[in-house]
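> 3D, please:
(2 chains)
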2 protein chains.
Amino acid sequence: MPHDVHPLLLCGGSGTRLWPLSRKSYPKQFTKLTGDESLFQASARRLSGPGFAAPCVITGADYRFIVTEQLAAIEIAAAATLIEPQARNTGPAILAATLELHARAPGALMLVAPSDHVIPDAASFRAAVQAAIPAAEAGQLVTFGIRPDRAETGYGWLALSEKPNADFAPVAQPLKSFVEKPDAPTARDMLDGGTHLWNAGIFLFSTNAMMAAFEAYQPEMLRLVTEAVEAAEKDLGFLRLAADPWAECDDISIDYAVMEKADNLTVVPYGGVWSDLGGWDAVWRESGPDEAGVVTSGPSTAIECTGSLLRAEDGQQALVGIGLTDIIAVAMPDAVLVAHKDRAQDVKLAVAALRQQGAVQAETLPRDYRPWGWYESLVVGGRFQVKRIHVHPEAALSLQSHHHRSEHWIVVEGTARVTVDDEVKLVTENQSVYIPLGAVHRMENPGKVPMVLIEVQTGSYLGEDDIIRYEDLYARGRGAKG
Amino acid sequence: MPHDVHPLLLCGGSGTRLWPLSRKSYPKQFTKLTGDESLFQASARRLSGPGFAAPCVITGADYRFIVTEQLAAIEIAAAATLIEPQARNTGPAILAATLELHARAPGALMLVAPSDHVIPDAASFRAAVQAAIPAAEAGQLVTFGIRPDRAETGYGWLALSEKPNADFAPVAQPLKSFVEKPDAPTARDMLDGGTHLWNAGIFLFSTNAMMAAFEAYQPEMLRLVTEAVEAAEKDLGFLRLAADPWAECDDISIDYAVMEKADNLTVVPYGGVWSDLGGWDAVWRESGPDEAGVVTSGPSTAIECTGSLLRAEDGQQALVGIGLTDIIAVAMPDAVLVAHKDRAQDVKLAVAALRQQGAVQAETLPRDYRPWGWYESLVVGGRFQVKRIHVHPEAALSLQSHHHRSEHWIVVEGTARVTVDDEVKLVTENQSVYIPLGAVHRMENPGKVPMVLIEVQTGSYLGEDDIIRYEDLYARGRGAKG
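Predicted coordinates:
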């Protein structure tokens, strides 16, 4: 009976190449790019079930409640959720998770997986993981090698001594070397040669082996990350790594930090479909273009188009393309991207341009996620704003007051418990409450189903920072939002 | 001292070639395609001032309140607003307005102008109109000939006996003949020859001359339209043409009905800029492309694009184009068009496709215009809907009740007078009212400034047809909206 594998889901990324769907406030891994689940949810589900222990997650502070909500929605409980005080690339992140796991289960096997990749055939991927266990148990650092289907210059490659067998069965063999992102002729040669696979950044190892590798090649990082984990703060079920030692760590990938230096590397080939969805061109490719090379999603219509991707991300917004060739169009109510497909890698330029203009769309979505649920602004007028507020069962907003606005709350789904100064009362669907300017108030959902209310604010200043917070379940301070 | 000229603004059109900005519910002439005024407002303003009488307007019933609102906004009062019971092309429309004017001012001069054209240099256009007056007073039907700048196959042309003089001064000369939409070589020959001008559908004539032309060439239409005008119903200041005789009229343009048959035709050349904005390619052309051939409007950003038009119609929605060549992109919160510029004339295919899908975006905008103002839906949930309602000063919604919904009203601008069953009260900014299911209620704006309120509806059925109307300033019936 082999050991259970402990998945580590990496979800600290905030990529911009899939803007406007992916934004810093709600990045790619949490979006539903393909299918009904987010990439993160699909990754967690892929690495669950027999043979897998509960996953560990490492993410940024801004994403911790999205992680919680998305895992709850698919009924998977994380064994640990580590919060990075700041992004430090995969080297420190994987080490921190390794140390946390080692403390709970010394010598356990950890499978590191980015949470924003697409691997449609979960069963065959799980089989590859199972096939890698003996090597990992023997102290090897195992990397999974993806069968390449094009001369991709955007990926790192893995050089093998021998070709994988013809049916690409997951048979382990030693890794000869890593190959950095190649130029086009080199990529072509590697594709044709058959002894090179793509490096997907998916690894299996025992905590002992990874700790030994860091001890050998990154002793200073091992010291700092050990300190960050040991001094970590438990916070609402999250493990918040200590900021000072973390800040001192190099910002470096696991490949550079240890993998490219180690001599105990094994490759297990994976022959199934895999994509990192590294741009809209990849999304187009993986979404199954029709005979004309067209992919549509949502309420979008392609009229005499070829080689194009038309995505209407909101069910209420119609997108129509006419006579387009090799065009990417992604429509959202607050932002629209139209790009030539060959320029998919330049979508980051759009984000940079918007950031420079100070446009909120560069980084944030209209819907703002909070520990207690989410809200979105429906309309902003001269002296008023209307919000839709969604509160999870048993969640509560902070006890707060405002200097510059009054609020009308109308419950439209579920039941709220509302505090206004000394009064506490239940307010249910189709009932309303008035919060006068200056009143100390709180909104809670005491129920078992979500509570939705419409908030109409009126006043001369309606900024989120007009808030005095008296008590907060989520330990946030004055001026922090929600 | 010449006679005043009475403008007739034709605004019954509901063109689809500028979708999604132009929709049947709010067509092109009322939109702000160029500048801060709508095309209709710019047309009305162009034909106002010294030498012009108050305009006559002819439009469809759906547009009558838009006409009223847009004219009020620029402080122009119509002498008459004729309502066509159904669209019948320009022949019957111009005749009806001629008869109405003749009854008020026998023998007066009428200038017919489409209300969806762009003529930036109003002063020189007015000078051309002045130059045409002697011919019109002498009984001629005067048409204005636009200086062509390309071999356009989409327009009708006017054949002259002599070239206009070199500076294109507005010197009248007889019209030799009309030329139907030509093929490309013919258009090229006409452009090169210099004795052909574009027919813009702009005419000056005396009511006597036009009535005589209809008597000679369309006696049956003259009889029917005379009846439609004589039996017209006065309705809130509108003149609603009688439906039965109107329905019997041929659906025919003024060109086919009389102009191409008449022998008293004069042309006055017009050398200034003119465009009918007959498609997004024309909008691109008239909007002054930069060196790269790019036009942007609203919060839109072009990154390394050429020959493209990027329009973000809503101030809150960002549009970004990357690496585009000859692309039209028009973004609105509820609908987005992306088309190759060469396919601009196929935008009607988009509208047809959406209509077939039953998509509301084919014909209607989110904002719905009513006699009393407008409303828009902000969000629709399972059992609730939130609307923003804007009521003009001194306007009122009907006295009404609903079977399936309750309503919460929160006033956010101005003051409302609210009736709920037997109670009438004033409700001002930051106050709210609850309308229980079944209550007979009315919302009015008794003030001098617009009143805006947020309506939160809850109930199992939220359709606009759940309405029983008891009294209505605007004479609408049960189940009619608003």
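> residues contacting the closest residue to chain B within the stretch 151-300 of chain A?
With C-beta to the nearest C-beta as the measure, the residue in the stretch 151-300 of chain A that lies nearest chain B is residue A:299; the distance is 6.9 Å. (Glycine included, C-beta is placed from N, CA and C.) In this structure, residue A:299 makes contact with A:312, A:315, A:316, A:317, A:318, A:319, B:357, B:359, judged by C-beta atoms under 8 Å, 6 or more residues apart in numbering or on different chains.
> filter those residues to the buried ones?
Among the contacts of residue A:299, the ones that count as buried by 16 or more other C-beta atoms under 10 Å in any protein chain shown are A:312, A:316, A:317, A:318, A:319, B:359.
> please narrow those to those residing in strands.
For those, the ones inside strands are A:312, A:318, A:319, with DSSP state E as the criterion.
> I'd like these as TSV, with pLDDT and distance to residue A:349 appended.
TSV is the format used below for these (pLDDT from 0 to 100; distance: C-beta to C-beta, whole Å):
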residue	pLDDT	distance to residue A:349
A:312	96	23
A:318	96	27
A:319	97	22
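> out of these, who's near chain B?
A:312, A:318, A:319 (C-beta under 8 Å from any C-beta of the partner chain).
> out of the residues you listed, who's nearest residue B:115?
Residue B:115 lies nearest to residue A:318 out of those, by C-beta to C-beta, at 27.4 Å.
> I figured the closest one was touching residue A:296, is that so?
No. With contact taken as C-beta atoms under 8 Å, residue A:318 and residue A:296 are classed as non-touching, separated by 11.4 Å.
> then residue A:257 would be within a helix, right?
Yes. Using DSSP: H, G, I helix; E, B strand; the rest coil, the secondary structure at residue A:257 is a helix.
> mind listing what it touches?
Under the criterion of C-beta under 8 Å, 6+ apart, the contact partners of residue A:257 comprise A:91, A:214, A:217, A:218, A:221, A:250.
> residues in the stretch 1-150 of chain A within reach of chain B, list them.
Among all residues of the stretch 1-150 of chain A, those adjacent to chain B (criterion: C-beta under 8 Å from any C-beta) are residue A:20.
> once you drop chain neighbours, what's closest to the residue of the stretch 1-150 of chain A found nearest chain B?
Across the stretch 1-150 of chain A, the shortest distance to chain B (C-beta to the nearest C-beta) belongs to residue A:20, at 7.8 Å. Spatial nearest neighbour of residue A:20, chain neighbours left out: residue A:335 (3.9 Å); criterion: C-beta to C-beta, 6 or more residues apart in numbering or on different chains.
> in stretch A:352-369, which residues are buried?
Within stretch A:352-369, the residues that qualify as buried are A:353, A:354, A:359, A:360, A:361, A:362, A:363, A:365, A:366, A:368, A:369, counting by 16+ other C-beta under 10 Å.
> secondary structure element for the second one, which one?
Just to be clear, that refers to residue A:354. Following DSSP states H and E, one finds residue A:354 within helix A:347-357.
> one more: the last one?
In this structure, residue A:369 sits in strand A:367-370 according to DSSP H and E.
> which strands or helices does that strand pack on?
With contacts defined as 3 or more C-beta pairs under 8 Å, 6 or more residues apart in numbering or on different chains; DSSP states H and E, the packing partners of strand A:367-370 are helix A:64-73, strand A:373-380.
> now the element after the shortest one, going C-ward?
Pointing back at strand A:373-380 there. For strand A:373-380, the following helix or strand on the C-terminal side (DSSP H and E) is strand A:384-391.
> how big is the angle separating that following strand from strand A:373-380?
Comparing the axes of strand A:384-391 and strand A:373-380 via axes from the mean of the first three to the mean of the last three C-alpha atoms, to 10 degrees yields an angle of 160 degrees.
> for whichever helix or strand comes after strand A:384-391, buried residues please.
Note on strand A:384-391: by DSSP H and E, the next helix or strand toward the C-terminus is strand A:399-401. Using 16+ other C-beta under 10 Å as the burial criterion, the residues of strand A:399-401 that qualify are A:399, A:400, A:401.
> could I get these as a markdown table with pLDDT and distance to residue B:202?
As requested, the buried residues of strand A:399-401 are arranged in a markdown table below (pLDDT from 0 to 100; distance: C-beta to C-beta, whole Å):
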| residue | pLDDT | distance to residue B:202 |
| --- | --- | --- |
| A:399 | 91 | 68 |
| A:400 | 92 | 63 |
| A:401 | 92 | 63 |
